[in-house]
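In: From the sequence below, what's the structure:
(chains A and B)
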Amino acid sequence: MLRQLRTAVRTGIVTEACAPVGEVQRIGERLASEIVRLFGRSLAIRQVDAGSCNGCELEISGLTGPHYDLERFGLHFVASPRHADCLLVTGPVTRNMAEALRRTWEATPDPKLVVAVGDCGLDGGLFRGSYAVVGGVADVVPVDAVIPGCPPPPAALLAGLLEALGRLPR
Amino acid sequence: MTRLGYGVVALMGAAAVGLGGYGVTGGGAALRLPSLLPLGGLELTLDPLGGLFLALIGSAAIPASIYAFGDAAGARRGRFAYAVFVTSMCVVPVAANTMTFLIAWELMSLASYFLVLHDRQSKGSVNAAWIYAVMTHAGLACLLAGMLLLGADVGSPRFADWRAAAPTLTPTTRDAAFLLLALGFAGKAGVVPLHVWLPLAHPAAPSHVSALMSGVMIKLGVYGLLRVSLDWLGIGPSWWGAALLIAGAASSLIGVLYALVEHDLKRLLAFHSIENIGIILLGIGSAALYRVAGLDALAALGLIAALYHTVNHAMFKALLFLGAGAVVHATGTRNMEAMGGLIKRMPWTAVCFLVGSAAIAALPPLNGFVSEWLTFLALFQNMRLEAVGQNLVFTLGIASLALTGGLAMACFVKAFGITFLALPRSDAAARAHEASRPVRVAMLTLVTACVVLGVGPTLVVPTLGSVASAVLGTAPEAISGDWLTVRVSGQFASVSTAAIAVVLAGSFCAPLVALRLVGASRRTRAYETWGCGRIVQTPRMEYTATAFASPFKRVFDFFYRPTKRLDIEFHPESRFFVERIEYENPTRSIFEDWLYRPALRLLHGGARAAGALQSGSANQYLAYILAALLLMLVLA
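Out: You can find the predicted model right below:
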């Protein structure tokens, strides 16, 4: 007990200092005010992996970590499209996932946003033309915004979401 | 012809309701035909308690007969037994002496035995009928012994004489008579551990008979317990009430625990009968204890709660059994795992079953809520007793009633959800059809009764109060209130189910009206159930009854003692290909393993030992006769 306390006092705080107000913070705050204006509380996002290499997923899950902490801006990942306002689709749409993506889109209540993430989501990217790939996300479901990049950095993801919100009918 | 028979029984039910109602409101009547039977003759007396049970039998017999009109009209077998069954049940509560009572009681048991044996080809049915016959006759033996004991001691077979002579009996005689009679009646009522016949016999009988057996026949066991603990033997020692309370607590909890893991729809309902009998016994036990302590108002409250629950259980359990009968008729199976999706195919039955489920789960504003609320209030006021031991017994009753309520709720979520919701789990369920018109009429009659008894306790409670005061011999009081509210024991508690009903209906309609007022879009889009984007969705992926019960099995595994059996058959070439998997997780009955099996082994052993006397040799028998003769001569 005593030893534990002593260690705790000696070691002090080891977490990194708060990031200075950067791009993420600026975009995030604009996003937060836009979300509050449009939805009242928060934007519920369902992430769909339609055949991605998981590079985009790494960046997206980075957003939820303590460093970027997207929940403070009113963004929220949910477990079912039934609860979602927005589908965040990554990867080239493979043949095996095309129908599942379509069903997910159908299961999401209207009005909904679809954001295609990454160069693959844009048009199939590196995998375009493969026998296993249908194409970009827009070839399967209507897309509201695209966030290019391979993979897109977190700030770009937030900026893309902001852009998608701007396209919502008023 | 068959229909005529059931019609006559329904009319008889109506007559029983009329006569019983007359008895409840204080009208007395007596019929005596000494020459008809030996040992006292046929003697019938109508008093308020008997009248209440008579009316109860009538009001359950009417819908059951209407149901039989639609469902069993083709079956020729069982008409006569059914008529005898209902008639003898009607005689039991008005019988006024030992002979009349026992003959009616035995006729009732025999007729129901033949009805349980309805399907003579099925081995399960024959086995169920056999166990039922043994249990019911063991009970009859107890009753016979108890009644003969009392009759010999008082010197009269008439119940009225017992009542008058009760204070003069020795405590030993009274205790012995109480034990024997209570055992006999508890066996019929299905009190744990004498309940084993119930989950076997009820599913084996046709559904209209199950409704009557569960709805009213086991109530006659309750009737007997009421007579024994509060009427015939006068005010007994406090251990009678305590024993009833403990039996009630055990029955309610054990009944509902078994029901939770049961996937046979009718067996599940049978286990719930055990639970509800337990709840009724909690009321009776508290009434007996309060009466000994001289708290007459509270005794009346406990008795009213018990009587109310008796009436309610007859109504909602008959409703549920008729609903289950309609489902079994439509799907051809009693196994819930093969049902599902029936709400689309049999909407009337589904709605009726839902009302019954809500009533038995004691949800306001239905009838089960009112009587369980009254039972709770009767139990809560044990602080006015100044005996620590008794208070502990009451606390046990309160705790078990609370747990029972929660578990019953879970069980009926399962029973309704798995049976009626989601996709059909078998072809038979997919091809199910709505029940015929008489069946629907029968169920709707009982639905109406459940709603009226739930919303109108202010009409029911004073009537039951007058019955209770007639039994206890006190002035009618205990429960007051206006036309809307029932008020118990002064300022102790009050409830208005009518107001609850209005609020519930209002809160259901308010959002609909509000949405329309603010002009919300009414556009709807129908799409299949979200299945994680899965392409093939089959009923095999649905939530099953086994899965629903599994957490309970795990929590209460000291009680269920489940065994696990996993049998996997691999492909002969490679263990990576599985040809067949069988998984079983059956529970083991404590009562069978620890009570009935050892008892039966003892009985078998005793019989074998006694069998040594029977050698079959004539010389030996002659020697027996000589020995007996010599013994008699010596003794004389």
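In: residue ranges with poor pLDDT in the stretch 51-200 of chain B?
Out: Applying pLDDT under 70 to the stretch 51-200 of chain B picks out residues B:72-76.
In: all helices in it, in order from the N-terminus.
Out: Taking DSSP state H, counting those that start in this stretch, the helices of the stretch 51-200 of chain B run over residues B:79-91, B:98-116, B:123-154, B:159-165, B:171-189, B:198-204.
In: what's the longest strand anywhere in chain A in contact with?
Out: Secondary structure assigned by DSSP state E gives strand A:43-49 as the longest strand of chain A. Contacts to strand A:43-49, defined as CB atoms under 8 Å, 6 or more residues apart in numbering or on different chains, come from residues A:35, A:57, A:60, A:74-81, A:83-91, A:97, A:101, A:104, A:108, A:161, A:165. All C-beta atoms are positioned from the backbone trio N, CA, C, and that covers glycine.
In: one more time with 7 Å, if that's ok
Out: Strand A:43-49 has contacts (CB atoms under 7 Å, 6 or more residues apart in numbering or on different chains) with A:35, A:57, A:60, A:74-78, A:80-81, A:83-91, A:101, A:104, A:108.
In: So what are the sheet partners of that strand and their directions?
Out: Under the criterion DSSP bridges, strand A:43-49 sits next to strand A:75-77 (parallel), strand A:86-90 (parallel) in its sheet.
In: what is the mean pLDDT for the longest one?
Out: Per-residue confidence for strand A:86-90 averages out to 93 on the pLDDT scale.
In: Following it in sequence, what is the next regular element?
Out: strand A:93-94 (DSSP states H and E).
In: Which elements pack onto the following helix or strand past that next one?
Out: Counting by DSSP H and E, the next helix or strand C-terminal to strand A:93-94 is helix A:95-107. Counting contacts by 3 or more CB pairs under 7 Å, 6 or more residues apart in numbering or on different chains; DSSP states H and E, helix A:95-107 is packed against strand A:86-90.
In: Now do the strand it packs on against helix A:95-107, angle only.
Out: 170 degrees (axes from the mean of the first three to the mean of the last three CA atoms, to 10 degrees).
In: Give me the residues contacting strand A:86-90.
Out: Against strand A:86-90 from outside (CB under 7 Å, 6+ apart): A:43, A:45-50, A:52, A:56-57, A:60, A:81, A:101, A:104-105, A:108, A:112-118, A:121, A:137.
In: now that strand, how far from the centre of its chain.
Out: Centroid separation between strand A:86-90 and its chain, computed with CA atoms, centre = their mean, to the nearest Å, is 7 Å.
In: Could you pull out the buried residues of that strand?
Out: By 16 or more other CB atoms under 10 Å in any protein chain shown, the buried positions in strand A:86-90 come out as A:86-90.
In: winner for burial among the helices of the stretch 51-200 of chain B?
Out: Greatest average neighbour count among these goes to helix B:198-204 (a mean of 26), per mean count of other CB atoms under 10 Å in any protein chain shown.
In: Just the C-alpha atoms of the next helix or strand after that helix, please, in CSV.
Out: Next helix or strand after helix B:198-204 toward the C-terminus (DSSP H and E): helix B:207-212. What follows is helix B:207-212, C-alpha atoms only, in CSV (Å, rounded to 0.1, in the frame of the first residue of the first chain):
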residue,chain,number,x,y,z
SER,B,207,-57.5,-28.0,-23.6
HIS,B,208,-61.0,-27.2,-22.3
VAL,B,209,-60.5,-29.8,-19.6
SER,B,210,-57.1,-28.5,-18.8
ALA,B,211,-58.7,-25.0,-18.4
LEU,B,212,-61.2,-26.5,-15.9
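In: Let me see the mean pLDDT of helix B:207-212.
Out: 92.
In: what packs against whichever strand or helix holds B:Leu403?
Out: If you go by DSSP H and E, B:Leu403 is part of helix B:388-420. Secondary-structure packing of helix B:388-420 (3+ CB pairs under 7 Å, 6+ apart): helix B:238-260, helix B:265-292, helix B:342-345, helix B:347-360, helix B:367-380, helix B:545-555.
In: Tell me which residues of the longest helix seen in chain A come out buried.
Out: For chain A, the longest helix by residue count, based on DSSP state H, is helix A:23-39. Using 16+ other CB under 10 Å as the test for burial, helix A:23-39 gives A:24-25, A:27-28, A:31-32, A:34-35.
In: coming back round to it: what is the rounded mean pLDDT of the next helix-or-strand element following the longest strand of chain A?
Out: The helix or strand immediately downstream of strand A:43-49 is helix A:55-64, counting by DSSP H and E. Helix A:55-64 carries an average pLDDT of 90.
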